[in-house]
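*Asks:* requesting a structural model of the entry that follows:
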Amino acid sequence: MSNITEKLSGLKNPLFLATVVVPTIVATLYFGLFASDVYISESRFVVRSPDKGGGAAGLGMLLKASGFSNDNSEAYVTRDYILSRDALKAVNGDGLVARAYGNHGVSIFNRFNPMGEGAANERLFRFYRDKLEVSNDAASSITTLRVRAFSPKEAEQINERLLQRAEDLVNRLNQRGRTDLIDYGNKELEEAKLVARNAAVALSNYRNRSGVVDPERQATVQLQMISKLQDELIATKTELVQLRAFTPQNPQIPVLTARVSQLGQEIDAQMGQVAGNRTSLAATAAEYQRLQLESEIADKQLGAAIATLQESRNEARRKRAYIERIAEPSMPDSPDEPRRLRGIISTLVVGLIIWGILTMLTAGIREHKD
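*Replies:* Next up is the predicted model:
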C-alpha cells in the first residue's frame, strides 16, 4: 500500500509536465514559428429576381420596392454550387487552388498534400471546402462568401473566380428556364394546330361527301320554300273550289287541278329533303354538328395555345434571376488567422483544466487506497 502511494505522489510533476508544460511549449512553437498566416477574402452578393410576392425585411424590402425580390432557392443553389466539385474544377482550371494551398511557401503543417502524393483530387476537394465559408442571411437573403488562403492575392483571386462561376450558373439556369418555357409553348401550339387542321379537314370532307354546307341554314331555307309552296297550294285549292261551285264548265278547272297535284308533289319532295330519309338534312345534322363542335373546340384550343405561347415568352422575359454584388472580393492587408496568442493561452488553460482533473482523480485514488 505504501509503495502505491509513493508512486502516485511521484506522478504529480510528470503529470503537470505532460498536460500543461509540454502542450504549451508545443503550441508556442507551432503558433510562434510554424503556423502559416491565413488571409480571408470576403465578398457579399444577393440573388435578385422579379417579385414573386414573398415577404422580406431590411434590404429585402428595399429590393422589393424597386420591383425585385430575393430568391432564396436560387441563393441556396448558388451556395451548394460554390461548395461543389464542379466549382473547384472550374476555379482550378489553371491550377490556382492547388498552387494557393500546396506551394512550398506554406508551412508543412498547413500545406495541402505536404508529402507530394499523387491522385490527390479528393483530398484537395476536402481541403478546399475547409477553406470556404458560405453563409446566407435568411432575413435579407444576402450571401457572404469567405475564402481562406495563405496569401492575400490568392484569396482574392479564388473569391473572384467563385463569384464569376456562380454568376455563370445563374445565367445558365435563366437560359434553361426561358428555353423550357418557350419550348413548352411552341409544343402546345403545334399540337393545337394539328388538331385544328384535322378537325377542319374532317368537316370539309363531310360537306363534300354529303353535299351539305350547313344543315341548319339549308333546312331553314327549305322550310321557307315549303311554307311558300303550302301558301300557294292553299290559294290554288281555294280558287279551284270557287270555280267548281260557280262555273263547273270553266276550262281553268283541269289546269288548277293539275297545279294542286304538282304543288303537293313538290311539297312532299321538299319535306323529304328536310326529314324522312337517310340523306335528309335532319339525318346529316347530327354528324355535321359533331364535326362542327370538334372544329370549334379545336379553334379555341388553338387560340389558347397562341395566348399560352405569348404568355410563355412574356414570362421568360420576366423570369430572370441574377447575382447582384453588394461587396466585391476584398484584398486583405493583414492575416486574420491563426490567432496565435489566443491559441497559446487556450492550450495553457485546457492543459491546466486537464491537469486539475487528473490531479483530483489521483488524489481520490490515493485516499481510497489508504
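*Asks:* just the pLDDT for Glu315.
*Replies:* Looking at Glu315, its pLDDT stands at 69.
*Asks:* apologies, that question was intended for Arg161.
*Replies:* Arg161 is assigned a pLDDT of 93 by the prediction.
*Asks:* give me the three-state assignment for Ala138.
*Replies:* What DSSP: H, G, I helix; E, B strand; the rest coil gives for Ala138 is coil.
*Asks:* for Gly32, which non-adjacent residue is closest in space?
*Replies:* In space, and not counting its chain neighbours, Gly32 is closest to Arg340: 6.5 Å by Cβ to Cβ, 6 or more residues apart in numbering. C-beta coordinates here come from the backbone N, C-alpha and C atoms, glycine included.
*Asks:* that neighbour touches Phe34, doesn't it?
*Replies:* No. Arg340 lies out of contact with Phe34 (Cβ atoms under 8 Å); the separation is 10.8 Å.
*Asks:* the two: who's more crowded?
*Replies:* Shown here are Arg340 and Phe34; by other Cβ atoms under 10 Å, Arg340 has more neighbours (16 against 12).
*Asks:* picking that back up, now the residue nearest to Gly32: phi and psi?
*Replies:* phi -60, psi -50 (degrees, to the nearest 10).
*Asks:* measure it to Thr28 for me?
*Replies:* Using Cβ to Cβ, to the nearest Å, Arg340 is found at 9 Å from Thr28.
*Asks:* so what's the residue nearest to Gly32 up against?
*Replies:* 31-32, 35 (Cβ atoms under 8 Å, 6 or more residues apart in numbering).
*Asks:* got a quick ChimeraX command for the buried subset of these?
*Replies:* A single ChimeraX command selects the buried members of the contacts of Arg340 (16 or more other Cβ atoms under 10 Å):
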select :31,35
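*Asks:* what would the contacts of Arg340 look like in TSV with secondary structure, distance to Val349 and pLDDT?
*Replies:* What follows is these, written out as TSV (DSSP: H, G, I helix; E, B strand; the rest coil; distance: Cβ to Cβ, whole Å; pLDDT from 0 to 100):
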residue	secondary structure	distance to Val349	pLDDT
Phe31	helix	14	73
Gly32	helix	18	70
Ala35	coil	19	71
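*Asks:* between the contacts of Arg340, which is closest to Leu358?
*Replies:* Nearest to Leu358 among those, counting by Cβ to Cβ, is Phe31 at 24.6 Å.
*Asks:* once you drop chain neighbours, what's closest to that closest one?
*Replies:* The spatially closest residue to Phe31, leaving aside those adjacent along the chain, is Arg340, at 4.0 Å (Cβ to Cβ, 6+ apart).
*Asks:* which pLDDT value does the model give the one you found?
*Replies:* Arg340 is assigned 74 on the pLDDT scale.
*Asks:* mind checking how far it is from Arg178?
*Replies:* Arg340 is 52 Å from Arg178, by Cβ to Cβ.
*Asks:* please apply the same query to Val147.
*Replies:* Taken as Cβ to Cβ, the span from Val147 to Arg178 is 32 Å.
*Asks:* of the two, which one has the most company?
*Replies:* Higher neighbour count among Val147 and Arg178: Val147, with 29 against 17, using other Cβ under 10 Å.
*Asks:* and the more buried one, what are its phi and psi?
*Replies:* As for Val147, its main-chain torsions (degrees, to the nearest 10) stand at phi -120, psi 130.
*Asks:* same thing with Asp137?
*Replies:* phi -80, psi 110.
*Asks:* ok, it - contacts?
*Replies:* Residues counted as contacts of Asp137 (Cβ under 8 Å, 6+ apart) are 143-144.
*Asks:* what does Lys153 give?
*Replies:* Met331.
*Asks:* count the residues that sit near the spatially closest residue to Ala35 that is not a sequence neighbour.
*Replies:* Nearest residue to Ala35, sequence neighbours excluded (Cβ to Cβ, 6+ apart): Pro338, at 4.9 Å. By other Cβ under 10 Å, 15 other residues sit near Pro338.
*Asks:* how much space between Pro338 and Val77?
*Replies:* 33 Å.
*Asks:* in terms of pLDDT, where does the nearest residue to Arg79 once chain neighbours are set aside sit?
*Replies:* For Arg79, ignoring the flanking residues on the chain, the nearest one in space by Cβ to Cβ, 6+ apart is Val134 at 4.7 Å. We have a pLDDT of 91 for Val134.
*Asks:* helices and strands around the helix or strand where Val134 lies, which ones?
*Replies:* Val134 belongs to strand 132-136 when assigned by DSSP states H and E. Counting contacts by 3 or more Cβ pairs under 8 Å, 6 or more residues apart in numbering; DSSP states H and E, strand 132-136 is packed against helix 72-82, strand 142-149.
*Asks:* the stretch 201-350 of the chain: strands as residue ranges?
*Replies:* 322-327 (DSSP state E, counting those that start in this stretch).
*Asks:* can you give me the helices in the stretch 1-150 of the chain?
*Replies:* All helices of the stretch 1-150 of the chain, identified by DSSP state H, counting those that start in this stretch, fall at 2-10, 12-16, 22-29, 59-65, 72-82, 85-91, 96-102, 121-130.
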